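*Asks:* next input, structure requested:
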Amino acid sequence: MVDFHKRILFSNEVHFWLNFYANKQNCRIWSEANPQVYVETPLHPEKLTVWCALWAGGIIGPYFFKNDEGQNVTVNGDRYRAMITYFFIPELNNHDVQELWFQQDGAICHTARAIIDLLKDTFGDRLISRFGPVNWPPRSCDLTPIDYFLWGYVKSLVYANKPQTLDHLEDNIRRVIADIRPQMLEKIEKWTSRLDYTRASRGSHMPEIIFKM
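*Replies:* Residues are numbered from 1 along each chain as shown. Take a look at the predicted model:
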């Protein structure tokens, strides 16, 4: 189907650390040999866990995971289901959900039965997910524009004024995402190119393109 990729809502969450500590889950180092990289980890890290969904028509989010007292927390299955129920699905009222597909990776907090059933109720067979009607390949973080474009772009800007508090960092994240213009979302076009490279390489690492797209 022509331009099918423009109808997919790519989604994921990521950590933003107050001291700009790099999350190893989202920052990978590719090398033919052991690179012997040392990564410093803070003893008591302060961070925000932020979720977005991106498609050719715009961005839904950001959503910041917080507990009932308004404190910043990480994501788990209950919190993810609450976000889908009380934030994401209501936001879809602004879009023609009958024409959109939803993609998520296979993180455990994404794929509990109750969450998959909830997403199936909303998207039917237009769900791309582990345990969904259309499977998503594991360990494929570099295939989605939200991972290879959005999070890196946002992180390149939100630390420019050296935020000293989580509230300041949250304000920066909201501002940067709100300022993303529709033309920038053309990055989603490169998704099909990545799929072509993946097929050609039979799923192996692609160091020649990993930092170019």
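*Asks:* what stretches of the chain score poorly on pLDDT?
*Replies:* Residues of the chain meeting the criterion pLDDT under 70: 1-2, 5, 20-44, 97, 137-143, 186-213.
*Asks:* do you have the helices of this protein handy? List them.
*Replies:* Under the criterion DSSP state H, the chain contains helices at 77-83, 89-91, 113-123, 145, 151-158, 166-178, 190-200.
*Asks:* so what's the residue count around D171?
*Replies:* 13 (other C-beta atoms under 10 Å). For glycine as for every other residue, the C-beta is placed from the backbone atoms N, C-alpha and C.
*Asks:* mind starting the numbering at 470 from now?
*Replies:* Right, with 470 as the first residue, what we last looked at is D640.
*Asks:* what's the closest non-adjacent residue to it?
*Replies:* Closest residue to D640 apart from its sequence neighbours, by C-beta to C-beta, 6 or more residues apart in numbering: P632 at 7.9 Å.
*Asks:* look up how far S625 lies from the one you found.
*Replies:* Using C-beta to C-beta, to the nearest Å, P632 is found at 14 Å from S625.
*Asks:* V483: which of the helices of the chain is closest?
*Replies:* Nearest to V483, of all those, is helix 620-627, at 4.9 Å by C-beta to C-beta.
*Asks:* what ranges do the strands span in the protein?
*Replies:* 477-486, 516-524, 527-533, 570-572, 596-597 (DSSP state E).
*Asks:* could you redo these as JSON lines and give each row mean neighbour count and distance to Q540?
*Replies:* Listed next are those as JSON lines, based on neighbours: other C-beta atoms under 10 Å; distance: least, C-beta to C-beta, whole Å:
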{"stretch": "strand 477-486", "mean neighbour count": "22", "distance to Q540": "15"}
{"stretch": "strand 516-524", "mean neighbour count": "22", "distance to Q540": "11"}
{"stretch": "strand 527-533", "mean neighbour count": "18", "distance to Q540": "11"}
{"stretch": "strand 570-572", "mean neighbour count": "22", "distance to Q540": "28"}
{"stretch": "strand 596-597", "mean neighbour count": "20", "distance to Q540": "31"}
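*Asks:* any chance of these in TSV, plus distance to V645?
*Replies:* As requested, these are exported to TSV (distance: least, C-beta to C-beta, whole Å):
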stretch	distance to V645
strand 477-486	11
strand 516-524	11
strand 527-533	9
strand 570-572	23
strand 596-597	27
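*Asks:* nearest to I646, of the ones you listed?
*Replies:* When the strands of the chain are compared (using C-beta to C-beta), the closest one is strand 527-533, at 5.5 Å.
*Asks:* who does that closest one pair with, and is each partner parallel or antiparallel?
*Replies:* Partner strands for strand 527-533, per DSSP bridges, with pairing direction: strand 516-524 (antiparallel).
*Asks:* residues contacting the partner strand, please?
*Replies:* Counting by C-beta atoms under 8 Å, 6 or more residues apart in numbering, strand 516-524 makes contact with 475-487, 490, 528-534, 541-544, 552, 557, 569, 571, 614-615, 619, 635, 638-639, 642, 646, 654, 657, all of which sit outside it.
*Asks:* same question for stretch 536-554.
*Replies:* 482, 484, 516-518, 520, 532-535, 577-579, 581, 583-584, 587-588, 635.
*Asks:* done for today, thanks.
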